[in-house]
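**Q** the following block contains a protein sequence and its predicted model.
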Amino acid sequence: MSDAPHSQEEESHEGFIRTPKQLMAVVVASFVVPVVIIIMLINFVAWDSKPAAGSDAMTAESVARRIQRIGVSDYKDVNDVKSMKSGEQVFQTQCTACHSTGAAGAPKLGDEAAWAPRLKTGYDALLNSSLKGKGNMTAQGGGDFSDFEIGRAVVFMANKSGGKLDEPKAPAPAASAATK
Ligand code: HEC
């Protein structure tokens, strides 16, 4: 009778560590577990600076783009007529999206009936619409060309559609020299 309570008491004192092996396991775990937790926390905190898989956010190029100075000059030499796009090139790059398909109600290339009333307004008016936009067409049809290139594209389109416009003159060197 006296034995039973005693052994129970002993058991509760000893807890779950009963053998030297278990003691070793507990000692090792009490070192390893905090270290693992610390490593995981460091990883968690440093996560931000790691690029996501497949992201190019940290490539040299995109970093350079992020830190480039504002107002970098994208200067086009308006006198360099040779490097400018021809009317056809501009058309193929930019204008064809709408003016070949008639998208958004654009007058189609070669559709003389659609162009006749517009051609009557004259080259200057057509150029003006192209540069500033008209109706569903945004400025330059959304392009980024020099005014001269747009002029060439207008002439290209107009002359394919029943017009007889002259090729626009290259910008006068004197005039643009003054604006340099
Ligand atoms: C997003 C479609 C779109 C693109 C791209 C586009 N246009 Fe147009 N364009 C239109 C539409 C729509 C009209 C008819 C506008 C109206 O009369 O309301 C138009 C009309 C014109 C006209 C006649 C303007 C007038 O006064 O009647 C010219 C010239 C013209 N475009 C030139 C160009 C040139 C040059 C480009 C390429 C640099 C270009 N467009 C690109 C949609 C486009």
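**A** Noted; the coordinates are in hand.
**Q** so for the longest helix seen in the chain, mean pLDDT?
**A** For the chain, the helix with the greatest residue count under DSSP state H is helix 20-45. Summarised as a single mean, pLDDT over helix 20-45 is 92.
**Q** next secondary structure after it?
**A** Per DSSP states H and E, the first helix or strand lying C-terminal to helix 20-45 is helix 60-67.
**Q** for that following helix, C-alpha coordinates in PDB please.
**A** The C-alpha coordinates for helix 60-67 follow below in PDB (Å, rounded to 0.1, in the frame of the first residue of the first chain):
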ATOM      1  CA  ALA A  60      21.700  45.200 -64.200                       C
ATOM      2  CA  GLU A  61      19.600  46.500 -66.900                       C
ATOM      3  CA  SER A  62      16.400  47.000 -64.900                       C
ATOM      4  CA  VAL A  63      18.400  48.500 -62.000                       C
ATOM      5  CA  ALA A  64      20.000  50.900 -64.400                       C
ATOM      6  CA  ARG A  65      16.500  51.800 -65.700                       C
ATOM      7  CA  ARG A  66      15.300  52.500 -62.100                       C
ATOM      8  CA  ILE A  67      18.100  54.700 -61.200                       C
END
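**Q** helices and strands around it, which ones?
**A** Helices and strands touching helix 60-67, as assessed by 3 or more Cβ pairs under 8 Å, 6 or more residues apart in numbering; DSSP states H and E, are absent. Every residue, glycine included, has its C-beta placed from N, CA and C.
**Q** touching that helix from outside, list them.
**A** Contact with helix 60-67 is made by D56, as judged by Cβ atoms under 8 Å, 6 or more residues apart in numbering.
**Q** and that helix, how far from the chain's centre?
**A** Helix 60-67 has its C-alpha centroid displaced from the chain centroid by 13 Å (Cα atoms, centre = their mean, to the nearest Å).
**Q** report the distance from the helix or strand following that helix to the chain centre.
**A** Counting by DSSP H and E, the element after helix 60-67 in chain order, helix or strand, is helix 87-90. On the basis of Cα atoms, centre = their mean, helix 87-90 sits 25 Å off its chain's mean C-alpha point.
**Q** so what does helix 87-90 touch, helix or strand wise?
**A** Helix 87-90 packs on helix 147-159, going by 3+ Cβ pairs under 8 Å, 6+ apart.
**Q** what sits up against the helix it packs on?
**A** Helix 147-159 has contacts (Cβ under 8 Å, 6+ apart) with 78, 81, 84-88, 90-91, 94-95, 99, 109, 115, 119, 123, 126-127, 130-131, 140, 143, 145, 163, 165-168, 170-171.
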